[in-house]
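Enquirer: sequence and predicted model, in that order:
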Amino acid sequence: ETGVTQSPTHLIKTRGQQVTLRCSSQSGHNTVSWYQQALGQGPQFIFQYYREEENGRGNFPPRFSGLQFPNYSSELNVNALELDDSALYLCASSLESGTPLHFGNGTRLTVT
Amino acid sequence: KQEVTQIPAALSVPEGENLVLNCSFTDSAIYNLQWFRQDPGKGLTSLLLIQSSQREQTSGRLNASLDKSSGRSTLYIAASQPGDSATYLCAVTSNTGKLIFGQGTTLQVKP
């Protein structure tokens, strides 16, 4: 049984650019959530996908968007990057909403 | 709006000491509460999950309690070891599956 894997592990982008982060869910998990964790802070919920449909969103602007694919892997896309988008982005999968989450090691995004 | 607070923000103890980390939340309508461990630059590892109907959970040297009515949870670590050094995060799960995290307590256990 493989765990949650995220790619890339580190990324440096320039303000105004676009970025795509990827996540492979743990085997058998159909729900994926994305979180943003700024330095020294707790993770903040971005959105959740269940069977390819978004079914919950946190307080993030529309330039944060996502996709979930038929194999339940997922992407997080961020357009028009801002300096404050620099953070660790965490993906978590679960069997269904409300069950224990399994987190990946995250993607460290730096916006310069 | 649910808010989760963790106290203290940082803690340094000598090896072998028993310690308690505190977590409070403002809305008692939670699905469950989880304690996570995070090592520097890494993802989160789930330590204990307490369902809203439960009062406590134990795993090895860790014991977590939940008092929904007062909006509090504690994580008790017995006989602390240097390997316990990490950031500990408390999170409540809403009925929609969204996790709301506290800011964490960074623990250092000195040999």
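Expert: Sure thing, it's come through.

Enquirer: contacts only, for the closest residue to residue B:10 other than its chain neighbours.
Expert: In this structure, residue B:10 finds its nearest non-sequential neighbour in residue B:106, 4.6 Å apart by C-beta to C-beta, 6 or more residues apart in numbering or on different chains. (Each C-beta comes from the backbone N, C-alpha and C, glycine too.) By C-beta atoms under 8 Å, 6 or more residues apart in numbering or on different chains, residue B:106 lies in contact with B:9-11, B:86-88.

Enquirer: and the furthest pair within the residues you listed?
Expert: The distance between the two most remote of the contacts of residue B:106 (C-beta to C-beta) is 14.0 Å, for B:9 and B:86.

Enquirer: what about the two, which has more around it?
Expert: Neighbour count, other C-beta atoms under 10 Å in any protein chain shown: between residue B:9 and residue B:86, residue B:86 has more, with 20 against 13.

Enquirer: what does chain A put close to chain B?
Expert: Contact residues (C-beta under 8 Å from any C-beta of the partner chain) of chain A with chain B: A:4, A:31, A:33, A:35, A:40-45, A:48, A:55-56, A:58, A:88, A:90, A:92, A:94, A:97-98, A:100-106, A:108.

Enquirer: so which of those residues belong to strands?
Expert: Per DSSP state E, strands hold the following members of the residues of chain A next to chain B: A:31, A:33, A:35, A:44-45, A:48, A:55-56, A:88, A:90, A:92, A:94, A:102-103, A:108.

Enquirer: out of those residues, who's nearest chain B?
Expert: Minimum distance to chain B across those is 4.1 Å, recorded for residue A:103 (C-beta to the nearest C-beta).

Enquirer: correct me, but the closest one touches residue A:4?
Expert: Yes - Residue A:103 is within contact range of residue A:4, at 6.2 Å (criterion: C-beta atoms under 8 Å).

Enquirer: on that earlier part again, now the ones in strands among the residues of chain A next to chain B: which count as buried?
Expert: Among those, those scoring as buried are A:31, A:33, A:35, A:44-45, A:48, A:56, A:88, A:90, A:92, A:94, A:102-103, A:108 (criterion: 16 or more other C-beta atoms under 10 Å in any protein chain shown).

Enquirer: excluding chain neighbours, give the residue nearest to residue B:57 in space.
Expert: Nearest non-adjacent residue to residue B:57 (C-beta to C-beta, 6+ apart): residue B:48, at 4.6 Å.

Enquirer: bridge partners for the most centrally placed residue in chain A, pull those for me.
Expert: By C-alpha atoms, centre = their mean, the mean C-alpha position of chain A lies nearest to residue A:34, the distance being 3.3 Å. Assessed by DSSP bridges, residue A:34 has beta-bridge partners residue A:47, residue A:91.
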